[in-house]
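# I would like the atomic coordinates for the input below:
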Amino acid sequence: MVFPLLRALAALLLLCLSLLPARAEAPLRILVMGDSMFSVNRIGGSDVAQALEAALEAALGQALGVEVTDRAMPGARFFHRLPISGAAGMRIPAQLHARDAPWDWVVLNGGGNDILFGAGCAGGTRQIDRLVSTDGSRGAIPALVARIRAGGARVIYAGYLRTPGLRSPIETCASLGDEIDRRLARMAAADPGVWFLPMADLVPEGDRSFHGADLIHPSPKGSQAIARRIAATIAR
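A predicted model of the protein is given here:
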């Protein structure tokens, strides 16, 4: 009498379990790090991180959730001397926390403030050499990328926008921007889990709608265009 009762209870339990909603897959966890190219337009909800989350949700559908954590800060650099503000995120490597749960992707940018406010755009490649060596294997950026990769995340490093056909306040930095892009591409080529996404070709000739009034930072349209390019790589 006991065994038929146990079998009946087991069958009832299996039936109840089968009626429960299917467990959703773990969400895709993405960390966004960097400087004002990512953080600008945050107040209006049109920064790169928020646009990236929306673009990925549209591309991936509801089957896989997306959680984007945004730690990008305006003015952030790789080399920041002040310890308190540096630890709070003004130093870009400090935006990656040791206590973080594993990330699936880390999307980052940076280096522009180091070049602009370090040796200056007319200072040659001295500051770039500190950020990333000619072959892409050494420097502050490859060191941070290696640290991220050691945690298991894939990495997308985004380059900076340009202003083709327009005179921006940082026009003298253009050649240095091209050089750091080349070095970052070499860095990414050495690791199949790292992508360098240039943004130098994103803005059409003479189109100022991708930039804010300062012709340095992206407009909401520019932030969304950057996010769509990043989302396309992740979705693939």
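
# Next up, the contacts around the closest residue to Val32 other than its chain neighbours.
Nearest residue to Val32 in three dimensions, chain neighbours excluded: Ala49, at 4.3 Å (Cβ to Cβ, 6 or more residues apart in numbering). Bear in mind the C-beta positions are built from the backbone N, C-alpha and C, glycine included. Under the criterion of Cβ atoms under 8 Å, 6 or more residues apart in numbering, the neighbours of Ala49 are Val32, Phe38, Arg42, Val68, Thr69, Asp70, Ala72, Ala227.

# Buried residues, the host helix or strand of the fifth one. List them.
With elements taken from DSSP states H and E, the one containing Thr69 is strand 66-70. By 16 or more other Cβ atoms under 10 Å, the buried positions in strand 66-70 come out as Val66, Val68, Thr69, Asp70.

# Any chance of TSV for the residues you listed, columns pLDDT and distance to Ile141?
TSV is the format used below for these (pLDDT from 0 to 100; distance: Cβ to Cβ, whole Å):
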residue	pLDDT	distance to Ile141
Val66	92	26
Val68	96	22
Thr69	97	20
Asp70	97	20
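
# Break down this structure into its helices, ranges please.
2-19, 36-39, 48-60, 83-85, 112-117, 126-131, 140-150, 174-189, 220-235 (DSSP state H).

# looking at these, which is closest to Pro102?
Of all those, helix 140-150 sits nearest to Pro102, with 10.6 Å by Cβ to Cβ.

# elements contacting the closest one?
For helix 140-150, the elements it packs on are helix 126-131, strand 154-158, helix 174-189, judged by 3 or more Cβ pairs under 8 Å, 6 or more residues apart in numbering; DSSP states H and E.

# possible to save those as JSON lines with mean pLDDT?
JSON lines is the format used below for the helices and strands packed on helix 140-150 (pLDDT from 0 to 100):
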{"stretch": "helix 126-131", "mean pLDDT": "92"}
{"stretch": "strand 154-158", "mean pLDDT": "98"}
{"stretch": "helix 174-189", "mean pLDDT": "95"}
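
# most tightly surrounded among those?
Ranked by mean neighbour count under mean count of other Cβ atoms under 10 Å, the helices and strands packed on helix 140-150 are led by strand 154-158, which reaches a mean of 23.

# Packing partners of that one?
Strand 154-158 packs on strand 105-108, helix 140-150, helix 174-189, strand 194-197, helix 220-235, going by 3+ Cβ pairs under 8 Å, 6+ apart.

# let's see 7 Å
strand 105-108, helix 140-150, strand 194-197, helix 220-235 (3 or more Cβ pairs under 7 Å, 6 or more residues apart in numbering; DSSP states H and E).

# looking at those, which is closest to Leu166?
Nearest of those (Cβ to Cβ): helix 220-235, 12.8 Å.

# picking that back up, need the pLDDT of the residue nearest to Val32.
With respect to pLDDT, Ala49 has a value of 97.

# if I look at the residue nearest to the spatial centre of the chain, how far off is Ile128?
The centre of the chain sits closest to Val107, judged by Cα atoms, centre = their mean, with a distance of 1.9 Å. Counting by Cβ to Cβ, to the nearest Å, the gap from Val107 to Ile128 is 21 Å.
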